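>>> make a model of this:
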Amino acid sequence: AELVAAAWRLGGVDLLVHNASALGAEPLVRLAELPLEGLRRALEVNLVAALGLVREALPLLRTAEAGAVLVVSSDAAAEAYPTWGGYGASKAGLDQLAAVLAQEEPGLRVWSVDPGDMATDLYTAAVPDDDDPRPEPETVVPGFLRLLEERPASGRYGAPALLEGRR
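Model (predicted):
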């Protein structure tokens with residue numbers, strides 16, 4: 001609420017980006033070992049907080065000339081990977097939230113974007129023993145910028161595909 005109030009004082013909100021993520025367990029564990037509190041944390045950060053931000057910002061987004069919501073998703077939202085169950089479930093919920101919001105708010109653009117595999121602190125926390133090389137996060141920034149520039153229809157996108165001009 002404080003963030004949205006500050007944005008209102010500065011002129012409004014035309015883009016809301018939800019990029020927060022919690023894994024549920026660090027390192028990741030199988031569902032049978034996933035602490036319920038960890039799952040609750042992942043759902044709270046990855047899903048409930050996103051809805052809270054949208055609800056706070058929605059009046060300003062509706063009045064913006066080009067209001068948009070961008071949520072950072074994951075391939076774990078659509079694919080089943082061992083140990084990624086709690087995180088993946090929370091990101092799948094986020095994708096569904098974005099899809100429903102797009103239907104309910106046709107005046108807004110609502111994008112769910114999978115940035116692809118990247119070398120991030122989150123990935124290191126998830127799989128600390130995996131030292132395979134991964135792209136740096138800044139490599140997908142042009143894909144996000146292309147999305148904001150071209151403003152395609154609401155939907156789920158992959159940043160690597162956006163980089164190549166595909167959707």
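>>> can you tell me how far Leu148 sits from Ala22?
25 Å (C-beta to C-beta, to the nearest Å). (Each C-beta comes from the backbone N, C-alpha and C, glycine too.)
>>> looking at the two, which one has more neighbours?
Set side by side, Leu148 and Ala22 show more neighbours around Ala22, with 22 against 14, by other C-beta atoms under 10 Å.
>>> quick one, what contacts the residue most central in space within the chain?
The residue lying closest to the centre of the chain (C-alpha atoms, centre = their mean) is Val72, at 2.0 Å. With contact set as C-beta atoms under 8 Å, 6 or more residues apart in numbering, Val72 has these partners: Val17, His18, Asn19, Ser21, Val113, Pro115.
>>> and these as a markdown table, adding pLDDT, distance to Tyr157 and neighbour count?
A markdown table is the format used below for these (pLDDT from 0 to 100; distance: C-beta to C-beta, whole Å; neighbours: other C-beta atoms under 10 Å):
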| residue | pLDDT | distance to Tyr157 | neighbour count |
| --- | --- | --- | --- |
| Val17 | 96 | 14 | 15 |
| His18 | 95 | 15 | 23 |
| Asn19 | 94 | 14 | 11 |
| Ser21 | 94 | 17 | 18 |
| Val113 | 96 | 5 | 24 |
| Pro115 | 93 | 10 | 23 |
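>>> and the helix ranked longest in the chain, what's buried?
For the chain, the helix that runs over the most residues, judged by DSSP state H, is helix 85-104. Neighbour-count burial for helix 85-104 flags 85-95, 97-98, 101-102 (criterion: 16 or more other C-beta atoms under 10 Å).
>>> please consider this matter closed, and thank you.
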